[in-house]
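Undergrad: requesting a structural model of the entry that follows:
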Amino acid sequence: MDEQNKNLILATALSFVVILTWFVLFPPPEAEAPVEGTVQTTTSTEGAAIPAAPAEGAAPATIANAPETAAAALETAPRVSIETPRLTGSISLLGGRIDDLKLKDYRTTVEPDAPIVTMLSPQGTVDAYYALQGWAAGNGIAADAVPGPETEWSVTSGDTLTLDSPVTLTWDNGAGQVFGRTISIDDNYMFSLTQTVTNDGETPVTLAPYGMIVQHSQPDDLENFFILHEGAVAIADGELIETDWDDIAESEVNPAWGRQAIVTANVTEGWIGFTDHFWQAILIPGSGQPFDQALTYDARTDIYRAVTRLPTQTIAAGATSEISTQLFAGAKEWAVLRDYESNGVSKFIDSIDWGWFFFLTKPIFWLLHELNKLIGNMGWAIIGLTLIIKAVLFPLAYKSYVSMAKMKELQPEMEKLKKDAGDDRQKMQQGMMELYKKNKVNPAAGCLPILMQIPIFFSLYKVIFVTIELRHAPWFGVFNDLSAPDPTSIFNFYGLAPWAAPEPTSFMALIFIGILPLLLGVSMWLQQKLNPAPTDPTQQMIFAWMPWVFMFMLGSFASGLVVYWIANNTITFTQQYLIMRSQGYKPDLMGNIKGSFTRNKPKADAANDTKAPTGKSKK
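TA: Below you'll find the predicted structure:
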């Protein structure tokens, strides 16, 4: 077997093993009283206990008797509406919870009349998911004298939260302290919350402001795919921390928090929250404010919490304290997150799961995003991205194909060396190395372009899978979601019939393969036919089956990734053909194709073969 075929088999087999492994191994203290009229803030956040989340600590039966529908749950407390160009929902005056939020720009499926995506939902619904803020009681104030999850607030200004109209809530504890909360929102997904405490009592009080995101049980719609992180995500002083749901549930009890908890103390810059495939809810304390961040779990009620607790404040008699924080609740849009990051939210773009190859996935997505803005179609943007990647790799590809052409030219001499060396493998290897050195040929150069494609392939797959910009992104015709598998098959006459193809995860989908996987297999097969088939029967079988194995393996991948692979194969075929022609050899494409449909016949000894290498002809 010549070195070109060895390199190609090595690179192809490596690609096959990596992709196969992917799917087999990973199936799918009390402060001194300050001077009157002042507020003292201590750097410690200890000494003030965070109240339990709603229903936390209650018997499971209590939760089971909660309202079963969103409509019923929304009627359990008075509400203030939320209405912006991108969001709709309401704030519950019970606890001042932001617990009803829908995303106007996104629907659950590609159907135009599908329901819009629900971001947050109130207690009593399946997978209740909401945010609340408050004050934990410290010294000088009773636990029931601070607003908690069950406190009913009053509206003092604003009947609907809009871009231009914030909402202000107040609560008087009747013991000398008045609490206020002003909520505003920007034109995307960021809520700004300003909390105040006015101490009209006669003695100082100590309080610790906190924020909390509550998730009742693990979400039902988890992807459970190993390349996607779902659960908690946080930045703590520049460090990205990703925690799976199971890791939170299996954490040890933290005595200071009174429950199972994973705590990062004294964070000076960061945020924490929960994330899934495309959406996230994140608590963002004010920049420069030290805080503790924690993930807690209550096994009795199956409630998860992401919590931020800010420094304890001692508020003197007659003084007012104010604290500002933010809450992000919405889609993980790259451009939106980038803008928030540039405005001070530390490393917010990393809330998208860029993976191990982040140094590739980030620039690849940036380029894809810019191409999409320019072209206006994500499918053509992927093809444009492929052209750019191939152009960047062209110098390497050129050297590789030139090396492969030179090795074809040396084939007769290599066959003569093999015959002269006989069974002396050391003599044959030495002779071949001298031959390579004399003709300045690198036998390893042939597989470099294919090997370079492996991390690029994985990075692009990551980009297409995790970024919301690819979700429901249309190309043309029936290809209306490039993040989903090919929707065509012979079963629906490749999209011409009005019924759907078999489900991508079904056995029928494996049989009725889509048009894009078919094109992938054909393009890979044609690329092989630029070179003659190896003479060894085992090698011939590997080459014969490889395109079709890849076709079925990649058939269930996102359509956008298959489009990239087809474009990559097509461009590679063209490059290799033209470079081989420029080196004095014309690939016998039709001859090699015809040869693949005929039985192999015994060949004469290569040393007696005076013709040019099989499948090649001199210009």
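Undergrad: contacts, neighbours, all on C-alpha from now
TA: Will do.
Undergrad: tell me the SS of residue 256?
TA: coil (DSSP: H, G, I helix; E, B strand; the rest coil).
Undergrad: same thing with residue 454?
TA: Of the three states, residue 454 takes helix according to three-state DSSP.
Undergrad: next helix or strand past the lowest-mean-pLDDT helix or strand in the chain?
TA: Sorting the helices and strands of the chain by mean pLDDT, DSSP states H and E puts helix 60-64 at the bottom, at a mean of 35. Going down the chain from helix 60-64, the next helix or strand is helix 70-74, by DSSP states H and E.
Undergrad: distance of residue 427 from residue 474?
TA: Distance, residue 427 to residue 474, by CA to CA, to the nearest Å: 59 Å.
Undergrad: can you list the buried residues in stretch 229-244?
TA: Of all the residues in stretch 229-244, those buried under the rule 16 or more other CA atoms under 10 Å are 229-236, 240, 242-243.
Undergrad: how long is that stretch from one end to the other?
TA: OK, stretch 229-244 end separation, CA to CA: 7 Å.
Undergrad: quick one: mean pLDDT for it?
TA: For stretch 229-244, the mean pLDDT works out to 95.
Undergrad: contacts for it, please.
TA: Applying CA atoms under 8 Å, 6 or more residues apart in numbering, the external contacts of stretch 229-244 come out as 222-224, 245, 264, 267-277, 295, 306, 346-347, 350-351, 353.
Undergrad: list the contacts of residue 192.
TA: Neighbouring residues of residue 192 by CA under 8 Å, 6+ apart: 183-185, 324-327.
Undergrad: what residues go with each domain of this structure?
TA: The record's domain split for the chain, according to automatic domain parsing, is 36-347, 362-599+607-618.
Undergrad: ranked by average pLDDT, which of these falls at the bottom?
TA: domain 362-599+607-618 (a mean of 79).
Undergrad: need phi/psi at residue 387.
TA: Dihedral pair for residue 387: phi -60, psi -40, per degrees, to the nearest 10.
Undergrad: what about it, neighbour count?
TA: Residue 387: 16 surrounding residues under other CA atoms under 10 Å.
Undergrad: looking at the contacts of residue 192, which has the most residues close by?
TA: Using other CA under 10 Å as the neighbour test, the contacts of residue 192 are led by residue 327, with 26 neighbours.
Undergrad: ok, what's across the strand from it?
TA: Under DSSP bridges, the beta-bridge partners of residue 327 are residue 191, residue 283.
Undergrad: I'd assumed residue 280 was in contact with it.
TA: No: using CA atoms under 8 Å as the test, residue 327 is too far from residue 280 to be in contact (10.3 Å).
Undergrad: ok, the residue nearest the centre of the chain - contacts?
TA: In the chain, the centroid-proximal residue (CA atoms, centre = their mean) is residue 466; its distance is 2.9 Å. Contact analysis of residue 466 by CA under 8 Å, 6+ apart lists 228, 277-278, 352-354.
Undergrad: ditto for residue 145
TA: 137, 173, 175.
Undergrad: let's see that with 7 Å instead.
TA: Residue 145 makes contacts with residue 173, as judged by CA atoms under 7 Å, 6 or more residues apart in numbering.
Undergrad: just the helices in the stretch 451-600 of the chain please.
TA: 507-511, 515-528, 537-554, 559-582, 589-595 (DSSP state H, counting those that start in this stretch).
Undergrad: next, the angle from the fourth one to helix 537-554.
TA: The reference is to helix 559-582. 140 degrees (axes from the mean of the first three to the mean of the last three CA atoms, to 10 degrees).
Undergrad: quick check: beta-bridge partners of the nearest residue to residue 581 once chain neighbours are set aside?
TA: When the adjacent residues along the chain are set aside, residue 581 lies closest to residue 587, with 7.5 Å between them (CA to CA, 6 or more residues apart in numbering). Taking DSSP bridges, one finds residue 616 as the beta-bridge partners of residue 587.
Undergrad: wait, isn't residue 587 in contact with residue 530?
TA: Yes: at 5.6 Å, residue 587 and residue 530 qualify as touching, with contact defined as CA atoms under 7 Å.
Undergrad: now distance to residue 371 and mean neighbour count too, for the helices of the stretch 451-600 of the chain, in CSV please.
TA: Below are those laid out as CSV (distance: least, CA to CA, whole Å; neighbours: other CA atoms under 10 Å):
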stretch, distance to residue 371, mean neighbour count
helix 507-511, 32, 15
helix 515-528, 22, 21
helix 537-554, 25, 16
helix 559-582, 14, 20
helix 589-595, 34, 16
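Undergrad: looking at those helices, which is closest to residue 98?
TA: When the helices of the stretch 451-600 of the chain are compared by CA to CA, helix 559-582 sits nearest residue 98, at 36.2 Å.
Undergrad: so which elements touch the closest one?
TA: For helix 559-582, the packing partners by 3 or more CA pairs under 7 Å, 6 or more residues apart in numbering; DSSP states H and E come out as helix 378-392, helix 394-409, helix 515-528.
Undergrad: the ones you listed into a markdown table, with extra columns for distance to residue 96?
TA: What follows is the helices and strands packed on helix 559-582, written out as a markdown table (distance: least, CA to CA, whole Å):
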| stretch | distance to residue 96 |
| --- | --- |
| helix 378-392 | 41 |
| helix 394-409 | 59 |
| helix 515-528 | 51 |
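Undergrad: to residue 70, which of those helices lies closest?
TA: Per CA to CA, nearest to residue 70 of the helices and strands packed on helix 559-582: helix 378-392, 35.4 Å.
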